[in-house]
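Engineer: any chance you can model this:
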Amino acid sequence: MGSSRDVTRVVVVDDHSLYSEALSLLLRRQPDIQLVGAVGAPEEAVALLDAAGVDVVLLDADAPNVDAVAATQAIRGSAPDTKVVVLTAVDDPDAMAEALAAGACGYVPKTRAVDELMDVVRRAAAGELVMRERDLAPVLERLESSRPRSSAEVALGRLTRRETQILRALAAGENTGEVAAALGISALTVQSHVKNILAKLGVHSKIEAITLAWRHGLAQTTRSA
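Structural biologist: Numbering: from 1, shown residues only. The predicted structure is shown next:
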């Protein structure tokens, strides 16, 4: 959704008023970002999605009675193109893996400077994975240890050598431009390959494809996105 407009539309879900207000204030100052709303509960965010055409939801995982996995599933179920970035003050690789498996595109600590979250929003809207490098390996281990799905393994096996190279690079945190430079091809060619990868895997986003690659041992993490 963010790629079809000049402005990225964002909803903040956080019941901590001071943090939410600080984040909202900074979002409003960005010329390429529009704050659609700041709400205290995931169900309030879901109510905004269809009407507002939201690109990115920043979801607080630490709020009482908030299940980040269920909230992510509800948001993605209502608006599959909307990207979900989970914000948390707790380091929990199991929770990170569960959120990514549910469709989140990132898991970001609240200790990160608020202004750095502006870059996170832009990268999430572009379909990139946003996580710290140190979190990738433990999350990968947990995704790989989950029960494999034979149909997914068959689908991964249908990828061409070039498609497999590109998926591995994306799963390692490289963006489209970096993949293109490394392989000596254009960014448009990479995007064409990504479309083919998504179609073969039966998924709707790069994040879902990366999660499949992680689950089935196709990818190795070398750096953060």
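Engineer: contacting residues for the residue nearest to the spatial centre of the chain?
Structural biologist: Nearest to the mean C-alpha position of the chain, by Cα atoms, centre = their mean, lies residue 105 at 1.1 Å. Residues near residue 105 by Cβ atoms under 8 Å, 6 or more residues apart in numbering: 83, 84, 85, 124, 127, 128, 129, 130, 205, 207. Heads up, the C-betas are built off the backbone N, CA and C, glycines and all.
Engineer: among these, which lie within strands?
Structural biologist: Among the contacts of residue 105, the residues falling in strands (DSSP state E) are 83, 84, 85.
Engineer: could you dump those residues to CSV with pLDDT, distance to residue 139 and neighbour count?
Structural biologist: Shown next, in CSV, are those (pLDDT from 0 to 100; distance: Cβ to Cβ, whole Å; neighbours: other Cβ atoms under 10 Å):
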residue, pLDDT, distance to residue 139, neighbour count
83, 94, 17, 30
84, 95, 16, 30
85, 95, 15, 24
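Engineer: and those, which is closest to residue 13?
Structural biologist: Closest to residue 13 out of the ones in strands among the contacts of residue 105 is residue 84 (9.3 Å), distances taken as Cβ to Cβ.
Engineer: for that closest one, what are its contacts?
Structural biologist: With contact taken as Cβ under 8 Å, 6+ apart, residue 84 is in contact with 56, 57, 59, 71, 72, 75, 76, 99, 103, 104, 105.
Engineer: excluding chain neighbours, give the residue nearest to the fifth one in space.
Structural biologist: Right, residue 72. Distance criterion Cβ to Cβ, 6 or more residues apart in numbering; nearest residue to residue 72, sequence neighbours excluded, is residue 102 at 4.2 Å.
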